[in-house]
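K.L.:
Sequence and predicted model, in that order:
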Amino acid sequence: MTDANILQQEIALEQRHVDIVYARLAQLRQEAAKAEKAGYGLARVGNFGALVERDAMVFHAARRRQALDTEHEGLVFGRLDLKTGQIYHVGRLGIRGEASESLVIDWRAPAAAAFYQATAKDPRDVVRRRMIRSTGERVTGIEDDLLDPEAAPEDMHIVGDGALLASLGRATGTGMKDIVATIQQEQDEAIRAPSSGVTIVSGGPGTGKTAVALHRAAYLLYSDRSRFAGGGILVVGPSGVFVNYIATVLPSLGEDSATLHSLGSLVVGINAVRVDPAAVAAVKGSLRMRTVLERATRDAVPFGPTELRLLYRGTLLRLTAEDLDRARERALPKGTRRNESRRAGFDNVFQALWTQAQRLRVPTLPARPDFEAELAERDDFRDFLRAWWPRLRPMTVLEWLADPERLRRYAHGILSNAEIRLLRDAFATLSTDGPTIADVALLDELDALLGQPRKPQQRNRNPFHAGGGVQEVSTYADRQQAARAAATERPEDYRDYAHVVVDEAQDVSPMQWRMLGRRASIASWTIVGDPLQAAWTGDPAELSRARDQALGGKKRHEFTLSTNYRNSREIFEVAAAVIRRAFPGEALPTAVRSTGVAPIERIVTQAELPGAVRDAVTSLLAQVEGTVGVITPVPRRAEMAAWVAGLADDRVQVVTSLQAKGMEYDGVVLTEPEDIRTDSESGVRTLYVALSRATQQLITLGTRPYH
Ligand SMILES: Nc1ncnc2c1ncn2[C@@H]1O[C@H](COP(=O)(O)OP(=O)(O)OP(=O)(O)O)[C@@H](O)[C@H]1O
């Protein structure tokens with residue numbers, strides 16, 4: 001038999017199994033729909049018990065139907081032939097046949113680990129590992145690894161066509177794709193790392209850190225569902241653009257219970273997208289801001305009353321500005337929170353008035369409780385208290401920093417004059433333009449400093465909330481149901497996550513680590529990042545202190561990824577040269593794929609730039625199948641977006657060099673790279689990020705060279 005014939009024969013063999021799996025899936029779908037209908041039928045019985053039963057049935061059945069209805073591209077993608085003669089098929093979800101036999105095992109099940117971890121050196125009882133490629137329900141390709149030749153039976157065929165490299169060369173859509181079928185050994189180790197403590201994954205551009213972080217979230221949900229779906233998994237990325245890009249990965253793995261946020265949207269009701277210049281972000285992100293903000297929360301409100309005058313039973317009672325300041329300060333000893341100390345502040349005012357009334361011998365002065373009650377009923381007095389000690393919102397207090405005199409007072413002895421000037425200019429537009437991403441951590445800090453008297457909340461447990469230990473298809477719907485049920489129980493400002501995933505962690509500032517830490521007091525962590533891509537220009541010692549504090553003493557597991565799967569070798573060489581020049585001796589990943597297409601660098605005049613950018617985008621759109629990214633210096637995004645307006649809007653995205661973090665495009669047009677490099681101390685690292693976004697083609701266009 002020729003090799004081609006053998007391949008066709010093996011494809012046909014796998015197709016037969018895949019057909020059985022899809023037939024079983026259809027059957028399960030039908031059963032779920034039937035169960036749902038039967039549940040509705042119970043409503044007619046009419047008694048209370050039946051109604052509860054109906055609710056439970058409909059709830060479970062509807063969830064299960066929904067899960068089974070999800071399109072499963074490449075549902076079965078692997079097969080293991082073991083030394084024992086056993087055969088396992090590996091897929092996106094576990095499915096059992098009618099006799100409870102395993103048709104597919106979930107990629108996260110322990111038995112599937114060998115699919116990713118077995119090597120020729122350590123075959124783990126695997127004789128042959130097979131990767132199965134499909135389009136819809138049709139098997140289109142096979143790639144085998146013979147791991148243990150001595151154990152292979154005579155009639156075992158080994159076929160292959162480079163499935164991993166084929167999958168890497170594919171066109172990129174607008175959202176990130178999952179990598180379940182091709183997870184590599186070093187990635188798998190990080191994905192399956194112990195669920196407790198802190199898992200730290202580092203590696204250069206394109207090494208799969210984001211992919212690993214998301215697959216790890218899916219793995220944790222599988223391995224301990226009650227803990228992680230119940231408590232919740234929070235995934236945090238640097239920007240809204242990035243969060244949109246990764247949002248499809250977990251649902252494609254059948255998981256939709258994780259909460260995704262950008263650093264600008266972690267505080268309820270806020271979705272900040274504005275970015276501060278690096279020097280401003282370094283001040284706003286510094287731990288020194290805690291003292292500045294703390295002082296603000298203890299200050300008198302702007303335009304508040306500066307004295308209190310009350311005519312009481314014919315006597316004028318009067319508290320001066322100093323009396324009022326003293327009453328406020330006494331109510332706020334260190335560690336107390338402004339919004340929670342209102343009562344203490346009011347008591348101090350009553351006390352000062354009472355002492356004065358006694359001293360002035362107010363005629364017919366009643367006992368103290370009646371004196372207080374009488375005052376408390378007076379509108380003018382109540383208006384005074386409300387104006388003097390209003391309930392403060394974080395945004396209100398942050399806006400106080402836009403007043404140069406207040407800012408100078410709060411920052412005195414803490415920030416340098418130059419830093420104060422930077423903040424003054426940055427906060428001047430706060431009330432008109434809204435907060436920047438860095439401001440969100442300040443708002444969260446203020447929220448903690450101000451405190452919020454909350455009504456005790458009753459946890460409303462869902463009676464259908466499933467427990468843990470979920471396995472395979474009969475419970476696939478249950479795990480979605482469990483996750484959704486848990487998510488609906490959470491209040492809007494939920495903070496007790498069971499696991500927090502931080503992507504692009506190198507860009508998290510000290511104040512942002514505090515914000516994350518507040519949401520993770522009982523959580524385990526997965527932290528992925530690359531120090532060589534960091535935008536942070538502030539104090540590195542402060543940064544590691546804040547990070548250590550957020551992570552607490554939890555045990556750390558560290559992993560390093562070393563292969564760049566994104567860039568062609570030709571593109572990564574260009575990016576690597578830039579970073580090597582600035583940081584010689586740093587370890588960089590190895591790009592595995594060569595396209596033979598060298599990146600293009602063009603220098604043009606100012607006048608030619610708009611036309612050149614448009615031409616470059618047009619040419620890339622014709623050459624690559626997927627997306628084209630235009631990466632611009634931060635201040636020039638809007639201007640350059642106008643240059644390419646109308647060109648294939650569904651395939652072209654214009655982002656700043658900072659928004660490009662974590663992103664990936666088939667073709668990239670990078671504009672004015674030298675402006676990006678010289679923008680700040682971290683400019684060269686940001687340029688490294690921008691140069692390493694393309695999978696296939698890169699064009700740099702500028703009015704001056706960037707070398
Ligand atoms: N094992 C793999 N199989 C197939 N594709 C992979 C694999 N690992 C990574 N990739 C692909 O490589 C690309 C880069 O992955 P990812 O974005 O996770 O890298 P990263 O380390 O987070 O990069 P960066 O630091 O540059 O943001 C993605 O398209 C991802 O799907």
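P.N.:
Thanks, I have the structure now.
K.L.:
gap between Arg16 and Leu82?
P.N.:
Separation of Arg16 from Leu82 (CB to CB, to the nearest Å): 20 Å. All C-beta spots, glycine's among them, are computed from the backbone N, C-alpha and C.
K.L.:
Looking at these two, which is more packed in?
P.N.:
Applying other CB atoms under 10 Å to Arg16 and Leu82 shows that Leu82 carries more neighbours, namely 19 against 9.
K.L.:
which phi and psi does the closest residue to Leu561 other than its chain neighbours have?
P.N.:
Closest residue to Leu561 apart from its sequence neighbours, by CB to CB, 6 or more residues apart in numbering: Gly203 at 3.2 Å. With angles defined as degrees, to the nearest 10, Gly203 sits at phi 160, psi 160.
K.L.:
Test my guess that Gly203 contacts Thr210.
P.N.:
No: applying CB atoms under 8 Å as the test, Gly203 and Thr210 come out as separate, 10.5 Å apart.
K.L.:
Arg602: what's it in contact with?
P.N.:
If a contact means CB atoms under 8 Å, 6 or more residues apart in numbering, then Arg602 has 612, 616, 699-702 as its contacts.
K.L.:
Show me which residues of the strand or helix carrying it are buried.
P.N.:
Arg602 is part of strand 600-603, with elements assigned from DSSP states H and E. Neighbour counts using 16 or more other CB atoms under 10 Å place Glu601 of strand 600-603 among the buried residues.
K.L.:
Strand partners (parallel or antiparallel) of that strand?
P.N.:
strand 694-702 (parallel) (DSSP bridges).
K.L.:
Spatially central residue for this protein, please.
P.N.:
Central residue of the chain (CA atoms, centre = their mean): Val236, 2.0 Å from the mean position.
K.L.:
could I have the strand holding Arg602 exported to CSV, CA atoms only?
P.N.:
What follows is strand 600-603, C-alpha atoms only, in CSV (Å, rounded to 0.1, in the frame of the first residue of the first chain):
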residue,chain,number,x,y,z
ILE,A,600,9.9,45.4,5.2
GLU,A,601,11.2,48.7,6.7
ARG,A,602,10.4,52.0,4.9
ILE,A,603,11.4,55.5,5.6
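K.L.:
Enumerate every residue touching the residue nearest to Leu561.
P.N.:
Residues near Gly203 by CB under 8 Å, 6+ apart: 209, 530, 560-562, 589.
K.L.:
What separation do you get for it and the ligand?
P.N.:
6 Å (CB to the nearest ligand atom, to the nearest Å).
K.L.:
Please apply the same query to Leu543.
P.N.:
Leu543 is 18 Å from the ligand, where distance means CB to the nearest ligand atom.
K.L.:
which residues touch the spatially closest residue to that residue that is not a sequence neighbour?
P.N.:
With CB to CB, 6+ apart as the criterion, Leu543 has its nearest non-adjacent residue at 5.5 Å, and that residue is Pro510. The contact partners of Pro510, by CB under 8 Å, 6+ apart, come to 285-287, 538, 542-543, 545-547.
K.L.:
now, the most widely separated pair of these?
P.N.:
By the measure CB to CB, Ser286 and Arg547 form the most distant pair in these, at 13.7 Å.
K.L.:
secondary structure element for the residue of the chain positioned farthest from its centre?
P.N.:
Centroid-distance maximum for the chain: Pro363 at 65.9 Å, with CA atoms, centre = their mean. Pro363 belongs to no helix or strand when assigned by DSSP H and E.
K.L.:
now the closest residue to it other than its chain neighbours: how far from the ligand?
P.N.:
Counting by CB to CB, 6+ apart, Pro363 lies nearest to Arg313, which is 6.2 Å off, once chain neighbours are set aside. As defined by CB to the nearest ligand atom, Arg313 lies at a distance of 72 Å from the ligand.
K.L.:
Pull the number of nearby residues for Arg274.
P.N.:
Counted with other CB under 10 Å, Arg274 comes out at 14.
K.L.:
Quick check: bridge partners of it?
P.N.:
Here Arg274, judged by DSSP bridges, has bridge partners Thr436.
K.L.:
Tell me who's in contact with it.
P.N.:
433-437 are the contacts of Arg274 under CB under 8 Å, 6+ apart.
K.L.:
Now do whichever helix or strand Ile200 is part of, average pLDDT.
P.N.:
For Ile200, the host element (DSSP H and E) is strand 198-203. Throughout strand 198-203, pLDDT has a mean value of 97.
K.L.:
Can you list the strands that it pairs with?
P.N.:
Sheet partners assigned to strand 198-203 using DSSP bridges are listed as strand 524-529 (parallel), strand 556-561 (parallel).
K.L.:
Now do the first one, average pLDDT.
P.N.:
What that stands for is strand 524-529. For strand 524-529, the per-residue pLDDT averages 97.
K.L.:
what about that strand, near the ligand?
P.N.:
No: Strand 524-529 stays clear of the ligand (CB under 6 Å from any ligand atom), getting no nearer than 6.6 Å.
K.L.:
closest point of the stretch 401-550 of the chain to the ligand, which residue?
P.N.:
Using CB to the nearest ligand atom, the point where the stretch 401-550 of the chain gets nearest to the ligand is Asp530, with a distance of 5.1 Å.
K.L.:
meant to ask about the stretch 251-400 of the chain, not that
P.N.:
In the stretch 251-400 of the chain, no residue comes nearer to the ligand than Ser252, which is 11.5 Å away by CB to the nearest ligand atom.
K.L.:
What is the neighbour count of that residue?
P.N.:
Residues near Ser252, counting by other CB under 10 Å, number 21.
K.L.:
now do the one 4 residues further on
P.N.:
Neighbourhood size, Asp256 [other CB under 10 Å]: 15.
K.L.:
Kindly report the same for Thr396.
P.N.:
When neighbours are defined as other CB under 10 Å, Thr396 has 14 of them.
K.L.:
coming back round to it: who wins for neighbours among the contacts of Arg274?
P.N.:
With neighbours taken as other CB under 10 Å, the top of the contacts of Arg274 is Ile437, carrying 27 neighbours.
K.L.:
How about the contacts made by that one?
P.N.:
Ile437 touches 239, 262-264, 272-276, counting by CB under 8 Å, 6+ apart.
K.L.:
Could you look up the SS state of Leu311?
P.N.:
The three-state label given to Leu311 by DSSP: H, G, I helix; E, B strand; the rest coil is strand.
K.L.:
And the pLDDT at it?
P.N.:
Taking Leu311 on its own, its pLDDT is 94.
K.L.:
What does the residue nearest to it when sequence neighbours are not counted show for phi and psi?
P.N.:
Spatial nearest neighbour of Leu311, chain neighbours left out: Leu317 (7.8 Å); criterion: CB to CB, 6+ apart. Leu317 adopts backbone torsions of phi -100, psi 140, taken as degrees, to the nearest 10.
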